[in-house]
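J.: Requesting a structural model of the entry that follows:
(chains A, B and C)
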Amino acid sequence: MSEVETSVEQTVQQLYGCAMSQAFGQDVLFVPRDRYVEVIKSLFNDGFDVCIDLTGVDYLELPHRKVAEGVTAERFEVVVGLLSMTSHRRIRIRVQIPEADAVLPTLFYLHPGTEAHEREIFDMFGIVFEGHPDPTRILMPEDWDGHPLRKDYDRGEIPVQFKGAPS
Amino acid sequence: MSIVDKQKIVSANTDEGPQELRSRSDLTVSAVLRDVGAVLRMSESEVAAMAEVSGDVGEDQTMIINMGPQHPSTHGVLRLMLELQGETVLRCKPIIGYLHTGMEKTGESLTYMQGGSNVTRMDYLSCFNNELVFSMAVEKLLGIDGDIPERAVWMRMLLSELNRMSSHLMFLATNGMDLGAVSMMLYGWREREEVLRFFQKVTGLRMNHNFIRPGGVAADLPAGWRDDILEILESLPSRLEEYDILMTGQPIWRQRLQGVGVITAHEALALGLTGPILRSTGVAWDLRRDMPYLHYDQLEFDVIVGSYGDSYDRYSIRFNEIRESMRIVYQILEAMPQGDYRIQNKKVTPPPRARIDESMEALIHHFKIFTEGFKVPEGEVYTAIESPRGEIGCYIVSDGSAKPYRIHVRAPSFVNIQALPHMMRGGLIADAVAIISSVDPVLGEVDR
Amino acid sequence: MGLARDVLDDGLGGMHHNFMTGRIEDLVKWSRSRSSWGATFGLACCAIEMMGTGASHYDLSRFGMEVFRASPRQADIMIVAGRVSQKMAPVLRQVYDQMMEPKWVISMGVCASTGGMFNNYAIVQGVDQIVPVDVYAPGCPPTPETLIHAIETLHQLIEDGEIMRRRVVNNGGAKVELSLTNIAAPVTIAIGTK
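T.: Residues are numbered from 1 along each chain as shown, chains lettered A, B, ... in the order given. Below you'll find the model as predicted:
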């Protein structure tokens, strides 16, 4: 049921009704949030049965980045990497997540290997995954305040002083 | 769990109701998936609350013990909460984060030339692989990934394979020590020292080299490198035979590893595992052969695959991967071409030091590259290579400036640790150490 | 130290009589420095170099550090090898508290000494904010030779009694109250004010 046109130019294609583009030889699919699990399930049935990576990006400082046509860029993005071992291909899915409503359904019941990745995204960005069996912090202490990988979270650098520096 | 009757049902009352462990062949796919979720469902505070229930272990009572984060198993700061009934592990929850360094956040404030020194400390046992995947991602963004000189490509492969050898020797050493063959620790380190000495000769450092940089490598191979490598390669096979007899030939070793920590191919794919763990289940997936990068498609090597998915298979796979890497290094020795060790693109690679005295332009380029850094066009890319632990990937988002906007490393050990609860369930606690050791996690890349 | 000095310097060749005398403090310090055992506190890359130092090429057992004891109750020197994260800091303090006096700390590597290249929210900028450190070994990671130099420096300080003297004067350093009498419960400290 997949109509993938493998054209060489960087034109916007369509896959399962979602905008697709190319990035350095890899397919990138922009999926709207409400069709997220459905599209990933269709890809699963089409052979992309290994979820190899799940990460988030905070585009607070890059609001005008290039996205496919018809896609509104939001503050957060969740990037899912899928791999098809039978056809040796990768595909990347980018989902836009608004800041005000940073929620996404979980992929745990389809790909159990995303359990740790989703906890990490919650810990680092504050995006809540609905239906996740254990939505707690994984890298920072449980009572930590704030989400470190957000762009408005300070790096926490302690200024280093050198004795010989003119102050 | 190999000889023990698999029909024995262990039931424990938890807050989720009675839990029964059936033998693996009876489980349907959806029940396995639910089981994996069930094991990981409790949060840390709930576990801490339950830990106070321990005391006298009665007939149907279970005990929750904490293993780590500081413990003699040399795999770093991994903490495990184990729920035991007697000696049997019912549930296991790995708790990580004790080595979280904020490397992805630090990477956003380092230039692309400095980024390698950040990334290389993630998987500190296979440093070149981290740098390689980072450099390959940056080169893709820059658009120079087809122009890397041949010598640089072959040098990268040479260092990568030698690193695979040293990482697997480290695995043999720590696996031996964890299972009680303490002398294996000394033997494994003896071989590793030879490889590290070669690395010191080439890069200047034994570990954390920051040698593979975007555009090529940082320096050329020193004179006499061929003899050094041949010395290593000639002394290894006989010693590997000795270790084979020492470990594989030992019935205690085999009994401690065979049938321990079994995982099936379906479970491994569902959890996203890669590397020796996936290959031990019978899935022959190796990125060097299936999605080749650098010039691995021009080399001849075998992909070692196991059949039972147990710890013994993982041990044998890594053991034989040392031999395969030696085979690859022999081929690289034959094929190493002459030429530049880095791309001659003035914007990316600094000029040779001698030229700085002669040319003002060279001085300015050197200054700009080392202080400001070179700018990388806007875009996002994901590159993946086969590290000794599995697929390591690097996802970089660039905003057109000299520092990455977002750098994320898909660490193989982060995903492989998710297999631990699955492998330990139903086993004995003494097998827990063997299982952690066979998964071979490196906590630096788990926590980043 | 009289005749004991001759033995120290020349080994068995320095023994001119079949008994020797010395002050008890000197003999105790001498034996402490030559038989200190390390507590395994390897965290990251420095732990690998520490293992390498203990391996056969850069042998640590020739300096008396034959084994690394996993239980802090049986260890003398805690070599903090690697970067200490916010989550690990209370664990570090707890392990340090469990060690019996006399105890010493070597901070191995730049991450343990000052936070190293990771000047951010996640890493404690120097393990001396948590435990008093006696010797700092710089390097990223320090080669085994550097670590051996650090250990030997510590052994020399122990043998000279320098450390016990300083400890009493500075009250332990690191703004930490060291009570040599009874450490009953782990010290609770607040890490990070976020």
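J.: And the residue of the stretch 101-250 of chain B closest to chain A?
T.: B:Lys140 (5.0 Å; C-beta to the nearest C-beta). Placement of C-beta: from N, CA and C, glycine included.
J.: List the contacts of that residue.
T.: Neighbour list for B:Lys140: A:24, B:381, B:383 [criterion: C-beta atoms under 8 Å, 6 or more residues apart in numbering or on different chains].
J.: Among those residues, show me the least confident.
T.: Among the contacts of B:Lys140, A:Phe24 has the lowest pLDDT, at 82.
J.: related to what we said a few turns ago, looks to me like the residue of the stretch 101-250 of chain B closest to chain A is in a helix.
T.: Yes - counting by DSSP: H, G, I helix; E, B strand; the rest coil, B:Lys140 falls inside a helix.
J.: Could you check stretch C:132-148 against chain A for contacts?
T.: No - judged by C-beta under 8 Å from any C-beta of the partner chain, stretch C:132-148 makes no contact with chain A; its nearest approach is 15.0 Å.
J.: Now B:Ser160: which helix or strand?
T.: Element membership for B:Ser160, per DSSP states H and E: helix B:150-179.
J.: mind checking pLDDT for C:Met78?
T.: Note on C:Met78: pLDDT of 91.
J.: Excluding chain neighbours, give the residue nearest to it in space.
T.: Excluding the flanking residues, the one nearest C:Met78 by C-beta to C-beta, 6 or more residues apart in numbering or on different chains is C:Ala39, at 4.6 Å.
J.: and that neighbour, how many neighbours?
T.: C:Ala39 is flanked by 25 other residues according to other C-beta atoms under 10 Å in any protein chain shown.
J.: What are the boundaries of the helices in chain A?
T.: For chain A, the helices defined by DSSP state H occupy A:36-45, A:115-125.
J.: cool, chain C as well?
T.: According to DSSP H, chain C carries its helices in the segments C:3-10, C:24-34, C:45-54, C:89-98, C:110-114, C:144-160, C:162-170.
J.: The ones you listed: which one's closest to chain B?
T.: helix C:45-54 (3.8 Å).
J.: Run the angle between the closest one and helix C:144-160 for me.
T.: 80 degrees (axes from the mean of the first three to the mean of the last three C-alpha atoms, to 10 degrees).
J.: isn't B:Ile96 right next to B:Ile417, touching?
T.: Yes - with contacts counted by C-beta atoms under 8 Å, B:Ile96 reaches B:Ile417, the gap being 6.7 Å.
J.: what sits against the spatially most central residue of chain B?
T.: Residue closest to the average C-alpha location in chain B (C-alpha atoms, centre = their mean): B:Arg389, at 3.0 Å. The contact partners of B:Arg389, taken as C-beta under 8 Å, 6+ apart, are B:123, B:126, B:167, B:275-276, B:412-413, B:416, B:440-442, B:445.
J.: Looking at those residues, state which has the most neighbours.
T.: Most neighbours among these, by other C-beta under 10 Å: B:Pro412, with 33 neighbours.
J.: got a list of what the closest residue to A:Asp123 other than its chain neighbours touches?
T.: Nearest residue to A:Asp123 in three dimensions, chain neighbours excluded: A:Arg137, at 4.4 Å (C-beta to C-beta, 6+ apart). Neighbouring residues of A:Arg137 by C-beta under 8 Å, 6+ apart: A:119, A:122-123, A:144, B:97.
J.: and these as JSON lines, adding pLDDT and neighbour count?
T.: Below are the contacts of A:Arg137 laid out as JSON lines (pLDDT from 0 to 100; neighbours: other C-beta atoms under 10 Å in any protein chain shown):
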{"residue": "A:Arg119", "pLDDT": "90", "neighbour count": "22"}
{"residue": "A:Phe122", "pLDDT": "92", "neighbour count": "21"}
{"residue": "A:Asp123", "pLDDT": "90", "neighbour count": "22"}
{"residue": "A:Trp144", "pLDDT": "84", "neighbour count": "17"}
{"residue": "B:Gly97", "pLDDT": "88", "neighbour count": "26"}
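J.: hang on, the earlier thing: quick one: the residue nearest to C:Met78 and C:Pro72 touch, right?
T.: Yes - at 5.1 Å, C:Ala39 counts as touching C:Pro72 under the criterion of C-beta under 8 Å.
J.: still on that earlier bit, what distance do you get for the nearest residue to the residue nearest to the centre of chain B once chain neighbours are set aside to A:Arg92?
T.: Nearest non-adjacent residue to B:Arg389, counting by C-beta to C-beta, 6+ apart: B:Pro412, 4.2 Å away. Per C-beta to C-beta, to the nearest Å, B:Pro412 is found 18 Å from A:Arg92.
J.: cool, and C:His57?
T.: C:His57 is 45 Å from A:Arg92, by C-beta to C-beta.
J.: So which of those two has more stuff around it?
T.: Shown here are C:His57 and A:Arg92; by other C-beta under 10 Å, A:Arg92 has more neighbours (22 against 15).
J.: Enumerate every residue touching that one.
T.: If you count contacts by C-beta under 8 Å, 6+ apart, then A:Arg92 has A:23, A:26-29, A:79-82, B:382 around it.
J.: Fine, thanks again, bye for now.
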